[in-house]
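Student: Pasting the sequence and the predicted coordinates here, then a few questions.
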Amino acid sequence: MDVKVNREEMLPVLNRVVSVVERRQTLPILGNILLRGQGESLTVIGTDMEIEIRAGCRAEVIESGEATVPARKLGDICRSLAEGSEMRLKIGGERCVLTAGRGRYVLGTLPARDFPVMESILPDVAFELEGGVLKRILEKTAFAMAQQDVRYYLNGLFFEVDGSCVKAVATDGHRLACYEHPCSLGVTESRSVIVPFKTVNELRRQLSSATTPVQIEIAERLIRFVVGDTVSSSKLVDGRYPEYSRVIPTGLTKVAIADRDSLRKALARTAILSNEKYRGLRVTFEPGVLRLVAHNPEQEEAVEEMEVDYAGAATIVGFNVAYLSDLLGAVDSDKVEVHFDDGNSSSLWRGLDAAGETYVVMPMRL
């Protein structure tokens, strides 16, 4: 294979693909990316066996072919080159010779035939979603996913589609985030899947500047997202997601409404003196006043008070300050409403009049 490509074309592609490659692999070839030169383009593919990302860029293909090269080394070299550099990758035998300007770099290769390319899928469900809508759905829910829970089905995002809406749910067993976006997708029957934690985070990274529609294809074991010229294919989490609707409290008798930004800032200040391990915070609701109190083992204390729209009986609830900060960061409304009963039961949070979002936080014992 012999390919010429401009650094500015290649670098964004490498940044997207190399991010999926783990630093420590069980198989040496998983530390490589597959380069495929054909026609007038260079396709780059990376995988960790669970998720595969492929993207392409314009290139002058002198000799078509394919080979695998070390992912991070190639990415680091490309990043360190001067802007506008013309790169040439010539691959023969077990070596890739990269030349750019007066620089010459020789990288080891592994056979392309050994690279584990993910199988093509015949989707059961396929639809298109605006990039901004998908980004909003993920931002409002993904923070509540578990990461390394033994209940493997919690290490991902529950994603459900039907003819009238898209719904996403995430929970780590201590908090829950649920967001429902009404839209017409042309889907005739409902379908629900669990998208893995890493896949969700890679997709969020790709959508950071994406305004184009996203094509989503769902098969029995795989899901595929097409964002512009980037295709992300991922295995699904094989498991049954818990009946999340049963943990969403109903009939809560007390309601408080607070300014979102003021509460976020007060939480950030109070958290400075909270216990670094448990991150506990005592929240007291009193008529017209919300009081935040934090302690730590060094006998230090932080107290913050702010005005709140609340007229019920005084109630004290212990919360993990990080959980509250995360959900407030996902709320768009200027005001946030809190529904609760006492210090021993879960509370429900959402932006004022934002019926599509639901955040449930379990109390802490302090």
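Tutor: Nice, I can see it. Numbering: from 1, shown residues only.

Student: From one end of stretch 349-357 to the other, what's the distance?
Tutor: Distance across stretch 349-357, first residue to last, is 9 Å (CA to CA, to the nearest Å).

Student: Not counting its own residues, what contacts it?
Tutor: 140, 177-182, 257, 260, 324, 327, 330-339, 358-361 (CB atoms under 8 Å, 6 or more residues apart in numbering). Quick note: C-beta positions are derived from backbone N, CA and C, even for glycine.

Student: what separates it from the chain centre, distance-wise?
Tutor: Distance of stretch 349-357 from the chain centroid (CA atoms, centre = their mean, to the nearest Å) equals 21 Å.

Student: Renumber starting at 44 from here on
Tutor: Renumbered: residue one is now 44, and that last one reads stretch 392-400.

Student: Can you list the buried residues in it?
Tutor: W392, R393, G394, A397, E400 (16 or more other CB atoms under 10 Å).

Student: what pLDDT does the residue nearest to H338 when sequence neighbours are not counted get?
Tutor: Excluding the flanking residues, the one nearest H338 by CB to CB, 6 or more residues apart in numbering is E344, at 5.5 Å. Per-residue confidence (pLDDT) for E344: 96.

Student: measure E344 to R408 for me?
Tutor: From E344 over to R408 the distance is 19 Å, taken as CB to CB, to the nearest Å.

Student: What of S235?
Tutor: 34 Å.

Student: Comparing the two, which residue is more hemmed in?
Tutor: The residue with more neighbours, out of S235 and R408, is S235; 13 against 8, by other CB atoms under 10 Å.

Student: isn't the residue nearest to H338 right up against V336?
Tutor: Yes: using CB atoms under 8 Å, E344 is in contact with V336, at 7.0 Å.

Student: okay, those two: which has more neighbours?
Tutor: Remark: of E344 and V336, V336 carries more neighbours, 20 against 11, as counted by other CB under 10 Å.

Student: Nearest residue to the more buried one in space, please, no chain neighbours.
Tutor: Beyond its immediate neighbours in the sequence, the residue positioned closest to V336 (CB to CB, 6+ apart) is R325, lying 4.4 Å away.

Student: Dump whatever helix or strand that neighbour lives in to PDB, keeping only the CA atoms.
Tutor: Assigned by DSSP states H and E, R325 falls within strand 323-329. Extracted C-alpha coordinates of strand 323-329, given in PDB (Å, rounded to 0.1, in the frame of the first residue of the first chain):
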ATOM      1  CA  GLY A 323     -22.100  13.600  52.100                       C
ATOM      2  CA  LEU A 324     -24.100  16.800  52.500                       C
ATOM      3  CA  ARG A 325     -26.900  17.600  54.900                       C
ATOM      4  CA  VAL A 326     -29.700  19.500  53.200                       C
ATOM      5  CA  THR A 327     -32.400  21.100  55.300                       C
ATOM      6  CA  PHE A 328     -35.600  22.400  53.700                       C
ATOM      7  CA  GLU A 329     -37.400  25.000  55.800                       C
END
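
Student: name the helices or strands packed onto the helix or strand encompassing S275?
Tutor: S275 is part of strand 273-278 when elements are defined by DSSP H and E. Counting by 3 or more CB pairs under 8 Å, 6 or more residues apart in numbering; DSSP states H and E, the packing neighbours recorded for strand 273-278 are strand 94-101, strand 234-239, helix 240-249, strand 265-270.

Student: tell me the angle the last one makes with strand 273-278.
Tutor: Spelled out, it's strand 265-270. For strand 265-270 against strand 273-278, the angle by axes from the mean of the first three to the mean of the last three CA atoms, to 10 degrees is 170 degrees.

Student: again with the first one
Tutor: On the basis of the same axes, to 10 degrees, strand 94-101 is oriented at 160 degrees to strand 273-278.

Student: for strand 94-101, the distance to its chain's centre please.
Tutor: Taking mean C-alpha positions (CA atoms, centre = their mean), strand 94-101 and its chain are 19 Å apart.

Student: Give the next helix or strand downstream of that strand.
Tutor: Heading C-terminal from strand 94-101 (DSSP H and E), you reach strand 103-106.

Student: Show me what that next one is packed against.
Tutor: Looks like strand 103-106 contacts strand 45-49, strand 75-81 (3+ CB pairs under 8 Å, 6+ apart).

Student: Generate JSON lines for those strands, with distance to G135, mean neighbour count and mean pLDDT as supplementary columns.
Tutor: Formatted as JSON lines, those follow (distance: least, CB to CB, whole Å; neighbours: other CB atoms under 10 Å; pLDDT from 0 to 100):
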{"stretch": "strand 45-49", "distance to G135": "8", "mean neighbour count": "19", "mean pLDDT": "97"}
{"stretch": "strand 75-81", "distance to G135": "13", "mean neighbour count": "23", "mean pLDDT": "97"}
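
Student: so which of these gets nearest R289?
Tutor: strand 75-81 (43.9 Å; CB to CB).

Student: Starting from the closest one, tell me which strands it pairs with and how they run.
Tutor: Note on strand 75-81: by DSSP bridges, its sheet partners are strand 84-90 (antiparallel), strand 108-113 (antiparallel).

Student: Wait, a helix at V64?
Tutor: No: looking at V64 with DSSP: H, G, I helix; E, B strand; the rest coil, it is coil, so not inside a helix.

Student: Go ahead and flag the most central residue of the protein.
Tutor: In the chain, the C-alpha nearest the mean C-alpha coordinate belongs to N244, at 2.6 Å (CA atoms, centre = their mean).

Student: Alright, I will stop here.
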